[in-house]
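J.: The following block contains a protein sequence and its predicted model.
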Amino acid sequence: MSHQTMAEHPVGRLFGRKDKKMGSPYNLFKTPDGQSRYIAAYNAALKLWPVPYDSSFVTTGYGQTHVISCGSKDASPLVLLHGGYASSTMWFPNIADLARKFHVLALDTIGEPGKSVPTQQNATKCDLAAWLVGVLDELGVSKTRVIGLSRGGWLALNLAIQAPHRLERIVLLSPAASFIELNSFFSAVAGTAMRIPTRFVSRFALYSWVTRGFVINDAFAEQFITGLQNWNWALAKNGYSGVMPSVFSKEELRQIQVPVLMLIGGQDKLNPPTVIERARQMIPHIAADIIPHAGHFLSMEQPESVNMRVLRFLTE
């Protein structure tokens with residue numbers, strides 16, 4: 001089992017360099033100390049993974065993408081796209097079941113808290129799809145299954161629209177926007193976390209996405225909170241965190257031909273149950289269901305139920 005150290009992180013001593021023409025990395029943390037504390041928290045959260053893994057980087061035109069891989073390399077590939085600002089460590093409750101069946105490749109979305117580092121803006125939907133295609137090319141993956149939660153689900157749909165030949169099946173876990181607009185609750189929570197990134201506000205932002213009474217693992221919570229507190233929101237918003245999720249048009253969604261499974265939490269504040277009917281109108285062949293007693297982080301809140309349904313779909 002490998003763990004990435006601060007010295008191995010691709011920004012390392014290059015903190016603060018912003019030379020786009022030279023392809024230098026854009027460090028999106030406020031300070032070197034904040035970055036160091038976040039990487040330490042990331043590594044601590046990654047220790048929650050119950051299976052051996054490899055940690056590596058692949059380089060595309062958009063920068064260096066951190067990839068955590070596990071499972072047999074002879075198995076079919078499965079790409080994981082995490083929720084916004086959560087990083088790949090969030091899959092710790094799911095990874096053991098997934099790795100038994102697939103060669104899992106968990107990507108840290110470029111331009112978000114994690115270990116990936118951008119070298120240029122990825123400010124459009126085309127950019128984000130091109131980044132993912134570039135990562136797949138570097139990994140030697142011609143076609144894959146994908147699971148995405150929240151913004152990761154939106155990224156999976158975007159890839160299905162723009163590069164459908166690279167996908168076999170996609171799983172959407174409480175996808176952000178996609179079928180309905182981001183609501184005022186999201187805007188309030190996200191806006192407050194960006195303007196007042198105190199520890200109290202950051203913790204409140206994290207816990208606002210799960211059902212009342214659910215206790216988030218301390219190590220993961222510490223990583224998430226450290227990320228929100230030390231992220232350079234002003235620079236990140238300048239095209240380096242990618243475009244915000246938005247509703248796809250009917251024309252876009254009706255292009256999707258790959259099999260799709262969508263699961264939403266029964267108490268998800270971004271996706272009310274009515275979103276399922278809207279999704280079925282746009283993608284007639286979609287399979288969709290509600291996971292009871294779960295909020296937006298349903299894969300963390302109800303891992304056994306989510307893992308069972310996802311694996312059944314992916315192995316059909």
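T.: The structure has been received and is ready for your questions.

J.: from here on, contacts and neighbour counts on C-alpha atoms
T.: Will do.

J.: Which SSE is immediately downstream of the lowest-mean-pLDDT helix or strand in the chain?
T.: Ranked by mean pLDDT, DSSP states H and E, the helix or strand of the chain with the weakest confidence is helix 233-235, at a mean of 76. Downstream of helix 233-235, the first helix or strand assigned by DSSP states H and E is helix 250-253.

J.: buried set for the strand or helix carrying residue 276?
T.: Taking DSSP H and E as the criterion, residue 276 maps to helix 274-282. If you call a residue buried by 16 or more other C-alpha atoms under 10 Å, then helix 274-282 has these buried ones: 275, 276, 279, 282.

J.: Stretch 187-203 too?
T.: Neighbour counts over stretch 187-203 (16+ other C-alpha under 10 Å) mark 189, 192, 193, 194, 197, 198, 201, 202, 203 as buried.

J.: gap between the two ends of it?
T.: The separation between the terminal residues of stretch 187-203, taken as C-alpha to C-alpha, to the nearest Å, is 16 Å.

J.: residues in contact with that stretch?
T.: 205, 208, 221, 225, 228, 229, 233 (C-alpha atoms under 8 Å, 6 or more residues apart in numbering).

J.: Filter the residues you listed down to just the ones in helices.
T.: Taking DSSP state H, the ones among these that sit in helices are 205, 221, 225, 228, 229, 233.

J.: Give the closest residue to the first one in space, chain neighbours not counted.
T.: Okay, so that is residue 205. With sequence-adjacent residues excluded and distances taken as C-alpha to C-alpha, 6 or more residues apart in numbering, residue 205 is closest to residue 189, at 5.9 Å.

J.: for this structure, which residue is closest to the average position?
T.: With distances taken as C-alpha atoms, centre = their mean, the chain has residue 82 as the residue nearest its mean C-alpha position (2.0 Å).

J.: wait, it sits on residue 155?
T.: No. Checked against C-alpha atoms under 8 Å, the pair residue 82 and residue 155 is beyond contact range at 9.6 Å.

J.: shared neighbours of these two, which are they?
T.: Taking C-alpha under 8 Å, 6+ apart as the criterion, residue 82 and residue 155 both touch residue 148.

J.: and residue 201, that one's in a helix?
T.: Yes. Judged by DSSP: H, G, I helix; E, B strand; the rest coil, residue 201 forms part of a helix.
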